[in-house]
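S.K.: curious how this folds, go ahead:
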Amino acid sequence: MTETTSEIRSRTMRAIRSTNTKPEMIVRKLVHSMGYRYRLHRKDLPGHPDLTFPALRKIIFVNGCFWHGHDCKRGARIPKTNRGYWLEKIARNKERDSNHNSNLAVLGWQVLTIWECEICDSDTLQSKIRSFLNSQEKRKPTSEML
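M.R.: Here you go, the predicted model:
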């Protein structure tokens, strides 16, 4: 018995995870090796950030280029079948990400988004993370947080 294309696609889509992805694990290992400690996937914050640094009031999201509509080669790909669905889905994802970032800023958090395509250059990635985490700008929470 052979599998149909839709069965293969369904199995592939079920295998995609939202947490503990390979790019996220690479970033976590790098950040830990740099001496930083963090909390994972805080459900009490908008977007359930991948890495949270509570004392610094900083957050890192590790986003897949395709799923979040990055402007790189991988992010610009649109499947040939069901094109309208995918364009709408990625647009919704981008809107949701924007809303989460805005809400986090209101709550006094600074956000860094690391894209899947940035993972391959570890020296540049390490420099970007260190610069973000070492920056002294701290935001105070608004009255909504108090």
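S.K.: just give the nearest non-adjacent residue to residue 39, would you?
M.R.: residue 52 (4.5 Å; CB to CB, 6 or more residues apart in numbering). Bear in mind the C-beta positions are built from the backbone N, C-alpha and C, glycine included.
S.K.: and the helix or strand encompassing that neighbour, what's buried?
M.R.: Here residue 52 sits within strand 51-53, counting by DSSP states H and E. Neighbour-count burial for strand 51-53, counted by 16 or more other CB atoms under 10 Å, picks out 51, 52, 53.
S.K.: tell me where the longest helix sits in the protein.
M.R.: Longest helix in the chain by number of residues (criterion: DSSP state H): helix 83-106.
S.K.: quick check: mean pLDDT across the helix or strand immediately after it in the chain?
M.R.: With elements assigned by DSSP H and E, the helix or strand that comes after helix 83-106 is strand 110-115. Averaging pLDDT along strand 110-115 yields 97.
S.K.: so what does strand 110-115 touch, helix or strand wise?
M.R.: strand 58-63, helix 83-106, helix 122-134 (3 or more CB pairs under 8 Å, 6 or more residues apart in numbering; DSSP states H and E).
S.K.: do that again at 7 Å, thanks
M.R.: strand 58-63 (3 or more CB pairs under 7 Å, 6 or more residues apart in numbering; DSSP states H and E).
S.K.: list of residues touching the strand it packs on?
M.R.: Outside strand 58-63, the residues within contact range by CB atoms under 7 Å, 6 or more residues apart in numbering are 23-24, 27, 47, 49-52, 70, 104, 109-116, 132-133.
S.K.: of these, buried ones?
M.R.: 23-24, 27, 47, 49-52, 70, 104, 109-112, 114-116, 132-133.
S.K.: so where's the protein uncertain?
M.R.: Applying pLDDT under 70 to the chain flags the ranges 1-4, 9-18, 137-146.
S.K.: residue 19 belongs to a helix?
M.R.: No. According to DSSP: H, G, I helix; E, B strand; the rest coil, residue 19 belongs to no helix; its state is coil.
S.K.: alright, that wraps it up for me.
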